[in-house]
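Visitor: the sequence isn't on hand, but the structure is:
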């Protein structure tokens with residue numbers, strides 16, 4: 001092998017001597033070409049050089065070519081040194097720009113030729129000129145890229161989403177909120193230049209008229225082995241642009257500690273903006289950014305992928321950092337739906353993210369997104385468990401109740417459950433392998449056949465019902481216990497029937513709860529009205545069943561006790577609240593069916609024994625119609641007092 005190398009060197013040295021001796025004698029040169037061409041391929045490069053002019057004439061021609069190209073480069077460079085000179089040939093003189101690029105092309109060809117002849121002096125000079133040209137191209141590349149960046153604002157981004165009817169939902173309220181935020185923070189909107197083209201999800205991030213110039217400059221820099229400088233300029237400019245886009249979308253650069261110190265109301269707004277930003281960045285901005293890289297660096301796949309990854313990773317990592325902060329933050333129940341929104345937004349966008357960062361340089365971005373998605377999923381599961389724990393622990397708060405209306409915990413849990421059904425697909429995936437704490441119900445619902453989220457929601461409702469049962473025992477008035485249970489169980493049933501919960505739990509579950517409500521109403525009637533109704537019985541009045549021997553003192557005592565009992569119930573139960581109008585009416589009807597016929601019958605049998613006597617109105621204060629009217633005031637939530645009967649018995 002060493003001998004071969006030495007032989008090559010001797011051949012090349014001999015060839016150089018031959019070239020010097022040839023001078024410019026054309027006939028001798030042509031003869032020598034024929035002789036040398038019979039040698040092996042080690043002389044092919046020399047043969048090529050000789051065919052271009054040979055000898056000193058060839059060297060002289062090379063110098064002339066270099067000098068011509070050098071003049072173009074130096075002329076442009078001298079212009080750039082002129083004070084207050086900020087114009088660019090690409091803007092002011094396309095012909096001059098084309099001449100400059102042609103000069104660079106010539107220098108590149110010369111360096112390739114000079115490599116073959118090992119003329120170090122001319123090579124050094126060519127490389128020096130090329131270095132000067134690349135420095136200038138680097139500045140021009142940055143200048144064109146910055147100057148031609150298309151302004152992106154919220155109105156343009158959301159307008160694009162509306163027009164294209166993308167596969168994610170953003171309501172007008174969210175858009176208006178974001179636009180108000182942008183106007184406050186960034187001033188008025190500008191439509192910018194360019195619109196969507198090519199891929200339906202893409203927008204023009206750089207003025208299309210400048211793409212060809214950027215591509216030509218990038219091509220020369222890569223061919224000149226200045227790809228690193230080109231890559232650094234491009235990724236730096238685009239990184240700043242994408243970071244500015246995040247600011248327009250309301251995404252701040254916050255540390256994990258800063259995120260966790262934000263109070264919930266503001267944090268909720270930031271989470272909503274994050275969800276919107278993930279969808280826009282991954283489905284609109286990054287595909288557009290990748291298309292731009294393909295347009296500018298079409299001749300180099302490696303540089304194209306590196307530029308995209310380096311420019312986009314800062315934007316993505318800033319988004320993922322916020323997701324990480326939420327995932328490891330406090331697991332309070334009010335955050336659950338928003339965490340699930342974040343989980344679904346990132347999960348839906350993950351396949352597109354994988355396509356965007358498919359090469360080795362971007363694999364870590366996709367891996368990081370997968371990790372954050374898993375963390376958000378764990379946070380959602382943990383927060384769901386915390387919700388059930390909160391319901392169970394809330395029952396242990398032995399605070400004496402004053403109202404029998406729908407309890408706040410009932411409203412909270414049922415509205416939350418109604419909301420969670422919308423996340424069934426995500427929750428089924430997250431809860432599939434996690435059944436800890438799931439209670440088995442006695443409703444013959446066969447929980448094993450239910451979906452994971454169905455089993456969890458059934459368990460949560462069971463916890464809520466147990467909670468309500470415990471709370472009902474805190475009421476001193478037994479009748480009030482049953483009103484409380486009726487109000488709350490009916491509210492649960494209505495929320496179940498009026499949502500997708502009904503499909504999960506089924507008609508059998510609903511029928512059982514309605515049966516419970518009927519039982520509670522019967523128990524209420526017995527607890528509340530039994531004592532009053534006992535005053536209307538015949539036993540103890542005397543007469544042995546004959547009205548002729550009735551004891552008037554006993555009869556007076558009966559009417560007196562009935563009046564006192566009814567008035568006390570009226571005063572108390574007009575303050576009780578039954579929010580559902582149908583249940584309220586059903587309870588009044590149930591009471592009326594028991595009390596009014598009994599009173600009318602008792603009054604008909606014994607009223608005449610007191611009528612006509614002194615102070616008859618003191619005992620027979622009400623007609624049956626009076627009582628019916630008063631019963632209409634029950635359960636309105638406003639305490640009432642009967643000062644005087646509405647009609648008196650005539651004497």
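Guide: Great, that's in hand. Worth saying up front: this structure is predicted, and the values here are computed from it rather than measured. Numbering: from 1, shown residues only.

Visitor: tell me how many other residues crowd residue 578.
Guide: 24 (other Cβ atoms under 10 Å). No exception for glycine: its C-beta is placed from N, CA and C like everyone else's.

Visitor: what's the spacing between it and residue 572?
Guide: According to Cβ to Cβ, to the nearest Å, residue 578 and residue 572 sit 14 Å apart.

Visitor: can you give me the helices in the stretch 451-600 of the chain?
Guide: Here the stretch 451-600 of the chain has its helices, by DSSP state H, counting those that start in this stretch, at 452-472, 478-497, 501-534, 552-573, 581-606.

Visitor: adding distance to residue 124, write the ones you listed out as CSV.
Guide: CSV is the format used below for the helices of the stretch 451-600 of the chain (distance: least, Cβ to Cβ, whole Å):
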stretch, distance to residue 124
helix 452-472, 73
helix 478-497, 84
helix 501-534, 80
helix 552-573, 106
helix 581-606, 97
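
Visitor: distance to residue 388, mean neighbour count and mean pLDDT for these - can I get that in TSV?
Guide: Converted to TSV, the helices of the stretch 451-600 of the chain look like this (distance: least, Cβ to Cβ, whole Å; neighbours: other Cβ atoms under 10 Å; pLDDT from 0 to 100):
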stretch	distance to residue 388	mean neighbour count	mean pLDDT
helix 452-472	5	21	90
helix 478-497	16	21	95
helix 501-534	16	16	93
helix 552-573	35	17	93
helix 581-606	28	16	94
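
Visitor: domain parsing of this protein, as residue ranges.
Guide: 1-51, 154-388, 405-526, 535-631 (automatic domain parsing).

Visitor: so which of those is nearest residue 105?
Guide: Proximity to residue 105 (Cβ to Cβ) singles out domain 154-388 among the domains of the chain, at 7.4 Å.

Visitor: low pLDDT regions in the stretch 1-150 of the chain?
Guide: Counting by pLDDT under 70, the low-confidence segments of the stretch 1-150 of the chain come to 1-60, 77-89, 91, 114-119.

Visitor: contacting residues around stretch 373-390?
Guide: The contact list for stretch 373-390 (Cβ atoms under 8 Å, 6 or more residues apart in numbering) reads 323-324, 326-329, 331-333, 335-336, 339-340, 342-343, 346-347, 350, 413, 416, 420, 426-427, 430-431, 434, 436-437, 456, 459-460, 463.

Visitor: per-residue confidence averaged over that stretch?
Guide: The average pLDDT within stretch 373-390 is 90.

Visitor: all helices for the stretch 151-300 of the chain, in order.
Guide: Going by DSSP H, counting those that start in this stretch, the stretch 151-300 of the chain shows helices at 154-164, 172-186, 208-223, 227-248, 256-260, 264-280, 286-296.

Visitor: actually the stretch 301-450 of the chain, not the one I wrote
Guide: Taking DSSP H, counting those that start in this stretch as the test, the helices found in the stretch 301-450 of the chain are 301-327, 336-356, 363-394, 408-420, 424-431.

Visitor: the third one to helix 424-431, inter-axis angle?
Guide: Between the axes of helix 363-394 and helix 424-431, defined by axes from the mean of the first three to the mean of the last three Cα atoms, to 10 degrees, the angle is 90 degrees.

Visitor: next one: helix 363-394 to chain centre, how far?
Guide: Computed by Cα atoms, centre = their mean, to the nearest Å, the chain-centroid distance of helix 363-394 equals 14 Å.

Visitor: repeat for the last one
Guide: Its chain's C-alpha centre lies 16 Å from the corresponding centre of helix 424-431 when counted by Cα atoms, centre = their mean.

Visitor: against which helices or strands is it packed?
Guide: Where contact means 3 or more Cβ pairs under 8 Å, 6 or more residues apart in numbering; DSSP states H and E, helix 424-431 is packed against helix 336-356, helix 363-394, helix 452-472.

Visitor: if we can go back for a sec, deepest-packed of the helices of the stretch 151-300 of the chain, please.
Guide: Burial of the helices of the stretch 151-300 of the chain is given as mean neighbour count (mean count of other Cβ atoms under 10 Å); helix 286-296 ranks first at a mean of 22.

Visitor: separation between the nearest residue to residue 291 once chain neighbours are set aside and residue 610?
Guide: Spatial nearest neighbour of residue 291, chain neighbours left out: residue 202 (5.2 Å); criterion: Cβ to Cβ, 6 or more residues apart in numbering. Using Cβ to Cβ, one obtains 94 Å as the distance from residue 202 to residue 610.

Visitor: same check on residue 298?
Guide: 109 Å.

Visitor: one more: residue 72?
Guide: Distance from residue 72 to residue 610, by Cβ to Cβ: 127 Å.

Visitor: next, residue 359: phi, psi?
Guide: Dihedral angles of residue 359 (phi, psi; degrees, to the nearest 10) stand at phi -90, psi 170.

Visitor: got the confidence number for the residue nearest the centre of the chain?
Guide: With distances taken as Cα atoms, centre = their mean, residue 275 lies nearest the centre of the chain, 2.4 Å away. For residue 275, the pLDDT comes out at 94.

Visitor: so what's the closest residue to residue 487 other than its chain neighbours up against?
Guide: Spatially, and ignoring its direct neighbours in sequence, residue 487 is nearest to residue 406 (5.3 Å; Cβ to Cβ, 6+ apart). Contact analysis of residue 406 by Cβ under 8 Å, 6+ apart lists 487-488, 491, 579.

Visitor: measure residue 406 to residue 642 for me?
Guide: Distance from residue 406 to residue 642, counting by Cβ to Cβ: 28 Å.

Visitor: then residue 506?
Guide: For residue 506 relative to residue 642 (Cβ to Cβ), the value is 46 Å.

Visitor: again with residue 466
Guide: Here residue 466 is placed at a distance of 39 Å from residue 642 (Cβ to Cβ).

Visitor: adding distance to residue 63, write the domains of the chain out as CSV.
Guide: Compiled in CSV, these are given as follows (distance: least, Cβ to Cβ, whole Å):
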stretch, distance to residue 63
domain 1-51, 14
domain 154-388, 20
domain 405-526, 72
domain 535-631, 99
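
Visitor: picking up where we left off before, kindly indicate which of the contacts of residue 406 lies nearest residue 555.
Guide: Taking Cβ to Cβ as the measure, residue 555 lies nearest residue 487 of the contacts of residue 406, at 38.5 Å.

Visitor: for residue 69, see how far away the closest one is.
Guide: Distance, residue 487 to residue 69, using Cβ to Cβ: 91 Å.

Visitor: give me the neighbour count for residue 498.
Guide: Look at residue 498: counted by other Cβ under 10 Å, it has 10 neighbours.

Visitor: how close does the spatially closest residue to it that is not a sequence neighbour sit to residue 330?
Guide: Excluding the flanking residues, the one nearest residue 498 by Cβ to Cβ, 6+ apart is residue 418, at 7.8 Å. Computed with Cβ to Cβ, the distance linking residue 418 and residue 330 is 24 Å.

Visitor: ok, those two, which is more surrounded?
Guide: Comparing residue 418 with residue 330 by other Cβ under 10 Å, the one with more neighbours is residue 418, at 16 against 13.
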